[in-house]
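>>> Give me the fold of what follows.
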Amino acid sequence: MNGLIALVGSGEFTTAMDEVDRALLVATGRDRPRVAIVPAASWPDGETVFMRWAAMGEAHFAALGAEPVPVLIRDRAGADDPEAAAAIAGADLIYMSGGKPGHLLEVLRDSAAGASLREAHARGAVIAGCSAGAMVLGGYQIRIGGRRFFQLPVSWEDAMGFVPSIVVMPHYDAIPETLIAPLAMAAPEGAFVVGIDEDTALVGRDGTWQVQGRGRVTVWRGTRRERHRTGSRLTL
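Residues are numbered from 1 along each chain as shown. So this is what the prediction gives:
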């Protein structure tokens, strides 16, 4: 059976997500799960930022009783490194932190690391992505050109497709909804937008999901908007 997937709006490796992350560790079925920490999305922000996210992830999951393993993939070439791919393939939980979604997608698409991620998920490993890490797990991802995120007309690209037919919008409660609505209207045909608040996760598999954390999940199906609070169950 495919493993759980956690789409996180923000808050990776902080105490705000302790409860969610403990539940993800339990879901692995292991007494001391091995957690692959993948900070690749932050590499464009520089080595210091990249290594800080790796260290935060390692400290966070060690404190929760897991065995964290930082997987220091920086770029597309690093994603084909056999040791990095093996670390992902052998993990019970793979956690991809935030940064630049376009860079992360380039790193994972058609790479050894991306293939290992799919293999791990297929054998039951838990896959978690926060912010950019969550965006790449959807079926589509907004293509960001230049410095403007909210730019019409919207251009989309295929993401990794672990959750087909959705577009993930993290940090949803930190962005004016008037800016999100036009993007939701312009979603690819047959797709819909899932907005995830900060310090909030949408956890599930095979179409059945639950909201966890402090905030809400907003689902745009065309012009129809749905709100789901923590504890709510929904179908995607």
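
>>> quick one: buried residues of the helix or strand containing Ala55?
Here Ala55, judged by DSSP states H and E, is contained in helix 47-63. Buried residues in helix 47-63, counted by 16 or more other C-beta atoms under 10 Å: Phe50, Trp53, Ala54, Met56, Gly57, Glu58, His60, Phe61. From N, CA and C alone the C-beta is placed, and that goes for glycine too.

>>> so how far is Glu67 from the fifth one?
Translated: Gly57. 12 Å (C-beta to C-beta, to the nearest Å).

>>> re the thing from before, which strands or helices does the helix holding Ala55 pack on?
helix 18-27, strand 34-38, strand 67-70 (3 or more C-beta pairs under 8 Å, 6 or more residues apart in numbering; DSSP states H and E).

>>> Dump the last one to CSV, keeping only the CA atoms.
What it means is strand 67-70. Output in CSV follows, covering the C-alpha atoms of strand 67-70 (Å, rounded to 0.1, in the frame of the first residue of the first chain):
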residue,chain,number,x,y,z
GLU,A,67,16.8,8.5,13.4
PRO,A,68,17.2,11.5,11.1
VAL,A,69,19.5,11.4,8.0
PRO,A,70,20.2,14.7,6.2
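
>>> List the contacts of the first helix or strand past it going along the chain.
Later in the chain than strand 67-70, the nearest helix or strand by DSSP H and E is helix 82-89. If you take C-beta atoms under 8 Å, 6 or more residues apart in numbering as the criterion, helix 82-89 is touched by 36, 38, 69, 71-73, 78-79, 94, 111-113, 115-117, 119-120.

>>> Buried subset of the residues you listed, written for ChimeraX?
A single ChimeraX command selects the buried members of the contacts of helix 82-89 (16+ other C-beta under 10 Å):
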select :36,38,69,71,72,73,78,79,94,111,112,113,115,116,117,120
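
>>> List the residue ranges of the protein that fall below the pLDDT cut-off.
144-153 (pLDDT under 70).

>>> And the helices in it, which stretches?
Along the chain, the segments classed as helices by DSSP state H run 18-27, 47-63, 82-89, 101-108, 112-122, 132-135, 177-185.

>>> if we compare these, which one ends up closest to Val217?
Among the helices of the chain, the nearest to Val217 by C-beta to C-beta is helix 132-135 (11.4 Å).

>>> on that earlier part again, shared neighbours, Gly57 and Glu67?
Val35.

>>> Tally up the residues packed near the nearest residue in space to Gly114 that is not next to it in sequence, please.
Using C-beta to C-beta, 6 or more residues apart in numbering and skipping residues adjacent in sequence, the residue nearest Gly114 is Leu108, 3.8 Å away. Applying the criterion other C-beta atoms under 10 Å, we find 27 residues in the vicinity of Leu108.

>>> residues contacting Leu108?
By C-beta under 8 Å, 6+ apart, the neighbours of Leu108 are Ala40, Ala79, Gly114, Leu117, Val136, Met160.
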